[in-house]
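[1] Can you look at this prediction? I've put the sequence above it.
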Amino acid sequence: MRFSASSAALCAALLPGASATIYYAGVAQSSGEFGVWSATSTKGTGLPGRFGVEYQFISTSGVDVMTDQHKVNLHRVAFLLERMCPLSYGLGAKFNETHFDHFKQAIDYITKTKGAYAILDPHNYMRYNDPSSQPFSGSVIGNTSDPTAATTAQFGAFWGELASRFASNEKVIFGLMNEPHDMPSALLLANLQAAIDAIRAAGAPNLIIAPGNAWSGGHYWTKGGAEANSNWIHKLVDPAGNTAIDIHEYLDEDFSGGHTACTQDPAANLAGVTAWLREHKLKAFITEFGGSNTTACTTMLNGILDYMAQNEEYIGWTAWAAGPFWGPNSPCCTDQKQFGSLEPGSKAAGGGPSLYDTVWVPVMQKKVPAKLQWGGLASVKGGELREKP
Ligand SMILES: *[C@@H]1O[C@H](CO)[C@@H](O)[C@H](O)[C@H]1NC(C)=O
Ligand SMILES: *[C@@H]1O[C@H](CO)[C@@H](O)[C@H](O)[C@H]1NC(C)=O
Ligand SMILES: *[C@@H]1O[C@H](CO)[C@@H](O)[C@H](O)[C@H]1NC(C)=O
């Protein structure tokens, strides 16, 4: 429901907390998944990879600028399952402890040193065993017709272990999976439920965010007939009642985030998923969206940020993407042109202003609410709002 200004004020007066509120806002930190691409799809390329050379989770200086100057309270940190659980171990509860330590240092820096919230983001498209041609390579987790595929139970065991390691950190949010696609929605539901069950069995009360099929696309949530996310994802059961929905939404013609031109009106395209969220009393994060530095993208980025701020189903967002290893490359929305990233200090090829300068600072950053949650358990209910301490 969209409130008019006066009815929103009335509701806020009668029912504290009932008006639309963004509790968590920030950026994706993408670089932990880097270094595995192979033009010839050679399996194992870049594994385990050299930390600090081929991949890295965050730059502390970048997180400092985002958190201290731009007052964001949320960073979504990408990592690869094949690095956390090497192929020789298989997906599950046995981790590469050296790799885990690097990851934990990044999460602790964000949550403990800076006091912000962090989403753990396995950037694996619900696939495991071959990231060499992500997002399409690797066996779909839980595919019982594929003897090389990790099982649903292994996915649960992985999340149970990861959750137990962060269960005492209330600022850690569990993003179950980045952009599942091209798989049966029933299998997606089974995998997500296995993860939720394992997380709660591990005693972790943390906020979980559950993705949809079809790349988690908000515009497509109610589409696809029987396979539509709107027929499945609300069936998830969380005994702790602390699971929100993880939506992605780009603004270009095919919703891929590949193109410079913004042509897809976010309010119109999100109407279906928003109605579904409302019907099932669910809250959501949009953890990927973005746009280039065109006038149309400025309008539509303001549009999607305002839409989230005005619709109570949305409680958080992270823009795609900052991260220390982009260099002049762009995370989205430039037709492959090198306009840099949202990483503070990044530059376009040739040294011109980056998307940080042209999109983050003048557009997105202005929509970071002055008051966000800075303490307590991340929750579908949000928490106490205050200015950055
Ligand atoms: C574990 O990670 C470290 C650091 O990246 C790496 O040197 C080592 O080879 C990895 N071990 C396995 C089994 O992948
Ligand atoms: C599952 O594995 C079979 C056998 O490799 C394959 O034909 C099928 O496409 C896979 N299903 C998915 C959803 O990837
Ligand atoms: C966007 O930024 C790039 C890199 O700085 C620049 O070359 C380009 O002219 C900008 N585009 C617009 C529409 O301002």
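    It's in. Numbering: from 1, shown residues only. Ligands and ions are numbered 1, 2, ... in the order given.
[2] ok, Ser345 touching Gly62?
    In this structure residue 345 is Gly, not Ser. Yes: with contact defined as CB atoms under 8 Å, Gly345 and Gly62 form a contacting pair (7.3 Å). Yep, even glycine has a C-beta here, placed from its N, CA and C like the rest.
[3] what about those two, which has more around it?
    Taking neighbours as other CB atoms under 10 Å, Gly345 and Gly62 compare with Gly62 leading, 23 against 13.
[4] looking at this, the more buried one is in a strand?
    No: going by DSSP: H, G, I helix; E, B strand; the rest coil, the assignment for Gly62 is helix, not a strand.
[5] That one and Gln56, how far apart?
    Gly62 sits 11 Å away from Gln56, taking CB to CB, to the nearest Å as the criterion.
[6] ok, now Gly316?
    24 Å.
[7] Who has more neighbours out of those two?
    Just comparing Gly316 and Gln56: by other CB under 10 Å the higher neighbour count belongs to Gly316, 30 against 20.
[8] show me what contacts that one?
    Contacts for Gly316 (CB atoms under 8 Å, 6 or more residues apart in numbering) come out as Ile22, Tyr23, Tyr24, Ala25, Leu74, Ala244, Phe285, Ile286, Thr287.
[9] Could you look up the SS state of it?
    strand.
[10] Just the local confidence number for the closest residue in space to Pro369 that isn't next to it in sequence, please.
    Leaving aside its chain neighbours, Pro369 sits nearest to Ile22 (5.2 Å; criterion: CB to CB, 6 or more residues apart in numbering). The model reports Ile22 with a pLDDT of 98.
[11] residues shared between the contacts of Gly62 and Gln56?
    Common neighbours of Gly62 and Gln56, counting by CB under 8 Å, 6+ apart, are Pro324.
[12] element containing the residue nearest to Pro369?
    Using DSSP states H and E, Ile22 is not contained in any helix or strand.
[13] Distance-wise, check it relative to Gln310.
    10 Å.
[14] quick one, phi psi at Val172?
    Dihedral angles of Val172 (phi, psi; degrees, to the nearest 10) stand at phi -100, psi 130.
[15] Verify the stated contact: it with Phe166.
    Yes: between Val172 and Phe166 there is a contact at 4.2 Å, judged by CB under 8 Å.
[16] Now the common contact residues for these two.
    Common neighbours of Val172 and Phe166 (CB under 8 Å, 6+ apart) are Ile107, Leu120, Asn206.
[17] List just the nearest of those to ligand 2.
    Ligand 2 lies nearest to Leu120 out of the shared contacts of Val172 and Phe166, by CB to the nearest ligand atom, at 24.5 Å.
[18] Can you tell me the SS state at that closest one?
    Classification of Leu120 using three-state DSSP returns strand.
[19] so it touches Ala78, yeah?
    No: using CB under 8 Å, Leu120 is not in contact with Ala78, being 9.2 Å away.
[20] circling back: just the ones of the contacts of Gly316 in strands?
    Of the contacts of Gly316, the ones assigned to strands by DSSP state E are Tyr24, Ala25, Leu74, Ala244, Phe285, Ile286, Thr287.
[21] His75 is in contact with the first one, correct?
    No: the pair formed by Tyr24 and His75 falls short of the contact definition of CB under 8 Å, at 10.0 Å.
[22] what touches both of the two?
    Shared contacts of Tyr24 and His75, defined by CB under 8 Å, 6+ apart, are found at Tyr117.
[23] More neighbours: the two, which one.
    The residue with more neighbours, out of Tyr24 and His75, is His75; 29 against 26, by other CB under 10 Å.
[24] Would you mind measuring from that one to ligand 2?
    Computed as CB to the nearest ligand atom, to the nearest Å, the His75 to ligand 2 distance reads 31 Å.
[25] Pro369 now?
    40 Å.
[26] and that residue, what does it touch?
    By CB under 8 Å, 6+ apart, the contact set of Pro369 is Ile22, Ala25, Ala309, Leu385.
[27] go again using 10 Å as the cut-off
    Applying CB atoms under 10 Å, 6 or more residues apart in numbering to Pro369 gives the contacts Thr21, Ile22, Tyr23, Tyr24, Ala25, Lys71, Asn73, Ala309, Leu385, Glu387.
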